[in-house]
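Peer 1: After the sequence you'll find the predicted model.
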Amino acid sequence: MDGFGMSEANRDLRSGVGLEASPNRLANASRWSGLLALEGWIFNERRLQIYGSSVVAAYALGGLVSWGLSRGVWAVLPDGSLSNIDFCWIWASGKLVASSDPSQIYDHSVYAAAQQMFYRPGECLFMHQYIYPPAFLFFSYPLGLMPYLAAFTVWVIATFILYGAAVWTIIPRAVALVAAITPAAVKNIQLGHTGFLVAALIGLSLVLAERRPWLSGISLGLLACKPQYGVLFPLALLASRNWRAFVSAAAMSAALGLAAALAFGFHGWLDFVETLFDRNLGLSPDDEVELSLQSVYSLLRGMGAGATAAWIVQAAAAALVALAVAVVWAKPISFALKAAFLCAGSVILTPYVLAYDLCILTIAVAFLVSDGLDFGFLPGERIVMLFGWATLFLPTVPLAPVFCAAFLFLILRRISAFGRSNMLRSMPIYPAVIGC
């Protein structure tokens, strides 16, 4: 039996529509047997390794060919100057904090002048102001002590290792690491952004939530460096009565925020809050920079909706997701499903999500797949996840909310299918046998 498939005996069982073996359910089983057989043939570990390795090889080959033809289109341009990638402002913020008064970092004129001092004319004209919370400066400060290219290399490799470690702790198999090289991951490697770090902190905090709640809270508290993705976590921890993780996360966030205020100036947090409201209709803090957001707000704006209508729908989606997270996390269901639901919900919640942030969805999918490996896959789940992964190849089209909605439906479907019996999670249907 291959890795992500199912045995013939289990394939003849209830086809993932529940644990009861009523005549109607057995009749429905035959309708799904063809789809289950197809999924079992496609999604086995050996084939996934081949598919994933091929995609990674295509990425690598495409990058090498592109670099060879232009002799430098990544961090360095053909003329030897630095390209305009996101890491420019990350390194510049660390350089500014390490070399002068850090309290001035939110002063746009000071920050712009610092960029002119650290870069040659025409280099790194990406963002003319610092818009991240002061807590992020603890991550960028060490980078400012290094030369630019060395800092870029260290940042990408270190955060990628953390990201891979988070995926490995959820599914400890090589195929999972290969599958984690998504378009969002490639975007982070290309731009040197924060997607790996955020996904790693979320993944590790969830993996540790039940076994090491204090450590989980510390990992979660570090999300103060990018707080829009941590909004739902306190709600989830309270709903599940995980008091130790909640207290640990609150203490870590408070300590990190206070330390940032002491180290970089107390008014930094006020300046950061001000930057949240100083945005254009595309939510960009810089009129010269057009953002390709992957949010409900951006999707509606792209469809021609006005800003007010888009905000109303975004707020309604956020409220609905928050309510659903509270209900799901209060239920005695598989923790992997709770974690997957929380990850996808966190992406829907915020209006400010970009392509590199979608590494969070890799963590969500990893949790759902781990639940499928433990308890079996329902018909169509793996096909939907495959199509969702394919949509990530269109980073300029805001399809992430569509994928998240479909993904949340899959989770609720699993909860419904496995929750009809008093033997909740005590016996799996479709156990996925590995390596035989």
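Peer 2: On my side now, so go ahead. Numbering: from 1, shown residues only.
Peer 1: would you list every one of the helices in the stretch 301-436 of the chain?
Peer 2: Here the stretch 301-436 of the chain has its helices, by DSSP state H, counting those that start in this stretch, at 307-330, 335-349, 359-375, 381-391, 400-418.
Peer 1: Select, out of those helices, the one closest to residue 171.
Peer 2: helix 359-375 (5.3 Å; CB to CB). In short, each C-beta sits where N, CA and C put it, glycine included.
Peer 1: got the buried residues for the closest one?
Peer 2: Buried residues in helix 359-375, counting neighbours by 16 or more other CB atoms under 10 Å, are found at 359-373, 375.
Peer 1: Report the secondary structure element holding the nearest residue to residue 144 once chain neighbours are set aside.
Peer 2: Leaving out its chain neighbours, the residue that sits closest to residue 144 by CB to CB, 6 or more residues apart in numbering is residue 94, at 2.8 Å. Per DSSP states H and E: residue 94 is located in helix 87-99.
Peer 1: next SSE after that helix?
Peer 2: helix 108-118.
Peer 1: For residue 66, report the pLDDT, please.
Peer 2: If you check residue 66, the pLDDT there is 53.
Peer 1: my bad, should have said residue 332
Peer 2: pLDDT, residue 332: 89.
Peer 1: Surely the residue nearest to residue 144 touches residue 148?
Peer 2: No - judged on CB atoms under 8 Å, residue 94 makes no contact with residue 148 at a distance of 10.4 Å.
Peer 1: Could you find the closest non-adjacent residue to the residue positioned nearest the centre of the chain?
Peer 2: Geometric centre of the chain, nearest residue: residue 360, 1.1 Å, by CA atoms, centre = their mean. In this structure, residue 360 finds its nearest non-sequential neighbour in residue 199, 5.0 Å apart by CB to CB, 6+ apart.
Peer 1: The one you found and residue 176: what is the separation?
Peer 2: As for residue 199, its distance to residue 176 is 13 Å (criterion: CB to CB, to the nearest Å).
Peer 1: out of those two, which sits in the busier spot?
Peer 2: Using other CB atoms under 10 Å as the criterion, residue 199 and residue 176 rank with residue 199 on top: 31 against 21.
Peer 1: list the contacts for that one?
Peer 2: Residue 199 makes contacts with 163, 166, 359, 360, 362, 363, as judged by CB atoms under 8 Å, 6 or more residues apart in numbering.
Peer 1: Show me which of these is closest to residue 272.
Peer 2: residue 360 (21.6 Å).
Peer 1: Just the local confidence number for that closest one, please.
Peer 2: Looking at residue 360, its pLDDT stands at 94.
Peer 1: Does it touch residue 198 like I think?
Peer 2: Yes - with contact defined as CB under 8 Å, residue 360 reaches residue 198; the gap is 6.6 Å.
Peer 1: quick one: common contacting residues for those two?
Peer 2: The contact lists of residue 360 and residue 198 share residue 229, where a contact means CB under 8 Å, 6+ apart.
Peer 1: now stretch 361-376, how far from the chain's geometric center?
Peer 2: Centre-to-centre, stretch 361-376 and its host chain are 14 Å apart (CA atoms, centre = their mean, to the nearest Å).
Peer 1: same thing with stretch 381-389?
Peer 2: 16 Å.
Peer 1: pLDDT averaged over that stretch - what is it?
Peer 2: Stretch 381-389 carries an average pLDDT of 78.
Peer 1: One more: stretch 402-409?
Peer 2: On average, stretch 402-409 scores 91.
Peer 1: looking at the protein, which helix or strand is least sure?
Peer 2: The element with the least model confidence among the helices and strands of the chain, by mean pLDDT, DSSP states H and E, is helix 8-11, at a mean of 36.
Peer 1: list the contacts for residue 389?
Peer 2: For residue 389, the contacting residues are 182, 365, by CB under 8 Å, 6+ apart.
Peer 1: Can you identify each of the helices in the stretch 51-200 of the chain by residue range?
Peer 2: Counting by DSSP H, counting those that start in this stretch, the helices of the stretch 51-200 of the chain are 87-99, 108-118, 137-144, 148-170, 174-179, 183-191, 195-208.
Peer 1: where does residue 26 land on pLDDT?
Peer 2: pLDDT, read off for residue 26, is 41.
Peer 1: what number of residues lie near the residue nearest to residue 144?
Peer 2: Residues lying near residue 94 (other CB under 10 Å) number 23.
Peer 1: re earlier: dump the contacts of residue 199 to a markdown table, plus distance to residue 191.
Peer 2: A markdown table is the format used below for the contacts of residue 199 (distance: CB to CB, whole Å):
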| residue | distance to residue 191 |
| --- | --- |
| 163 | 14 |
| 166 | 20 |
| 359 | 12 |
| 360 | 16 |
| 362 | 17 |
| 363 | 19 |
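Peer 1: What is the nearest of the residues you listed to residue 211?
Peer 2: residue 166 (14.5 Å).
Peer 1: can you list the weak-confidence ranges in the stretch 1-150 of the chain?
Peer 2: Counting by pLDDT under 70, the ranges of the stretch 1-150 of the chain that qualify are 1-74, 125-127.
Peer 1: Pull up the per-residue confidence for the residue nearest to residue 360.
Peer 2: In this prediction, residue 199 carries a pLDDT score of 96.
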